[in-house]
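> below are the sequence and a predicted model for it; my questions follow.
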Amino acid sequence: MMKKVHIITYGCQMNEHDTEQMVGVLHTVGYKLTETLEEADLILLNTCSIREKAEHKLYSQLGKLRPLKQQRPDLILGVCGCVAQQEKEQIFKRAPYVDLVMGTNAIPKLPMLLESLDYLPRALELSEIEWEDESRNIFRECRFKAFITIIRGCNNFCSYCVVPYTRGREKSRPSAEIVAEARHLVEDGVLEITLLGQNVSSYRDSSYGASSFPRLLQALNAIEGLERIRFITAHPKDLTDELITTMAELPKVCEHFHLPIQAGSNHVLHLMNRKYSREWYLDRVHRLRAAMPGIAITTDIIVGFPGEREQDFQQTLSILEEVRYDSIFAFNYSIRPNAKAGDFPGQIPDEVKNTRLQQVLDLQKQINLEKNSELVGKTYEVLPEMINRRFPETLTGRTRTNHVVTFKGDESLLGRLVPVKITEAHPFRLTGQLIA
Ligand code: 5AD
Ligand code: SF4
């Protein structure tokens, strides 16, 4: 009989993709996914430590699972992902009923670790060794969209960020392996791939040299049957003119760039160790728009970074007005383990952070609505991804610019690129009508 696994995933697309890989690996040793906790023989928490209270969230979630484990001692409870990498054995101390703790590089070892629990009380795996051949055994929820990891880790050490400590240094996958994986996916019916990495723009392949990322995009663009190529995330300092020109030239690369600015003032950018100025960033935005009119630009913002003065914060607001992003993610700064900014002077009180965050969100909501309204009446290619649960007989999909559109349609349209005319704008989504 098949065993059942339930995975709770926190955080970014890298983590979602790690979950897909865990499900794939587990499938080979007889596990299938279950939505219900009570049914599971194995529960895994795939943790994220990027923002505040990550450790707290983990222990409170573990506390909630404790009664289940007490009722059924043969249930295996595991913690993986970034918080596991960071907290290590500490997890067993604070939650002694946990069976398995594994770091961000341990996914291929999962079957072996589970087996070891037959004769050991608990299993811990935190090795730094990178894994080879990621392409095997990936479970995909959606048939026609897939993630491909191209680079893991980060060398940038932004002063607020935990990633270099949880995911280690940058390591790129060989381009031949990536292209082969993309080919297989396309043969399997995939139309859209998203290249993943903390820093895709610093992707390196020895055979491609300095312009490795543009070359990789060219190689992928040549795959017959593939329709859309996306990537996330790139660092503004690595956004070269060559990458912009290549994107503009390649028909399959979607017109969307997620370009995290984090803050609008040079003073704060410097403290953050971001290695670019506001002026450089704005120049990149102008060049992107000049090369690809209609490109969507999105960003991440942190408010309340230590040393952020009122005048600095005003510059974050003004960058929103100046760029007019298609959407943003905004966060209160929070101290993360190992990240240098935790020791910086001028830490900002929570009340100030909250007020600033609200101001950012209010301003952007208005900009979102204005920008989305400009799309009404126009027709875009949409890839319908799923049946909308809230409204029957409607589908939800995305434009090439990554705008979410809901429109009337049935299951037969799933996974087909269709023209949709935008009829209504909302701050965070669009409504449309299928053009027959
Ligand atoms: N505090 C707040 N936001 C953070 N991010 C990363 N680290 C922190 C932190 N310590 C945000 C950044 C990044 C996004 C993924 O998470 O905006 O781009
Ligand atoms: Fe973190 Fe900066 Fe690396 Fe992004 S570039 S993962 S924010 S250290």
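Great, that's in hand. Ligands and ions are numbered 1, 2, ... in the order given.

> can you get me a residue count around V376?
V376 has 14 neighbouring residues, counting by other C-beta atoms under 10 Å. Heads up, the C-betas are built off the backbone N, CA and C, glycines and all.

> thought it was touching H426?
No - distance between V376 and H426: 10.8 Å, which falls outside the contact criterion (C-beta atoms under 8 Å).

> surely R287 forms part of a helix?
Yes - using DSSP: H, G, I helix; E, B strand; the rest coil, the assignment for R287 is a helix.

> count the neighbours of it for me.
Counted with other C-beta under 10 Å, R287 comes out at 16.

> how about the contacts made by it?
R287 sits next to D241, I244 when contact means C-beta atoms under 8 Å, 6 or more residues apart in numbering.

> could you chop this protein up by domain?
Taking automatic domain parsing as the domain assignment, the record places the domains of the chain at 3-125, 142-254, 261-374, 379-434.

> and the stretch 151-300 of the chain, which residues reach ligand 1?
Contact residues (C-beta under 6 Å from any ligand atom) of the stretch 151-300 of the chain with ligand 1: Y160, C161, P260, Q262, D300.

> could you dump the domains of the chain to JSON lines with mean pLDDT?
JSON lines is the format used below for the domains of the chain (pLDDT from 0 to 100):
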{"stretch": "domain 3-125", "mean pLDDT": "91"}
{"stretch": "domain 142-254", "mean pLDDT": "94"}
{"stretch": "domain 261-374", "mean pLDDT": "97"}
{"stretch": "domain 379-434", "mean pLDDT": "94"}
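
> closest to ligand 2 out of those domains?
Distances from ligand 2 to each of the domains of the chain were compared by C-beta to the nearest ligand atom, and the smallest falls on domain 142-254, at 3.1 Å.

> angles on the backbone of S175, please.
When read as degrees, to the nearest 10, the backbone of S175 gives phi -60, psi -30.

> tell me how far it lies from R167.
S175 sits at a distance of 21 Å from R167 (criterion: C-beta to C-beta, to the nearest Å).

> ditto for A176
Using C-beta to C-beta, one obtains 23 Å as the distance from A176 to R167.

> the two: who's more crowded?
More neighbours surround R167 than the other of A176 and R167, with 22 against 11 (other C-beta under 10 Å).

> residue contacts, L288?
L288 makes contacts with L239, I244, F257, L259, I295, I297, as judged by C-beta under 8 Å, 6+ apart.

> so the fifth one makes contact with T401?
Yes - I295 is within contact range of T401, at 7.0 Å (criterion: C-beta under 8 Å).

> overlap in contacts, these two.
Among the neighbours of I295, those also in contact with T401 (C-beta under 8 Å, 6+ apart) are E255, H256.
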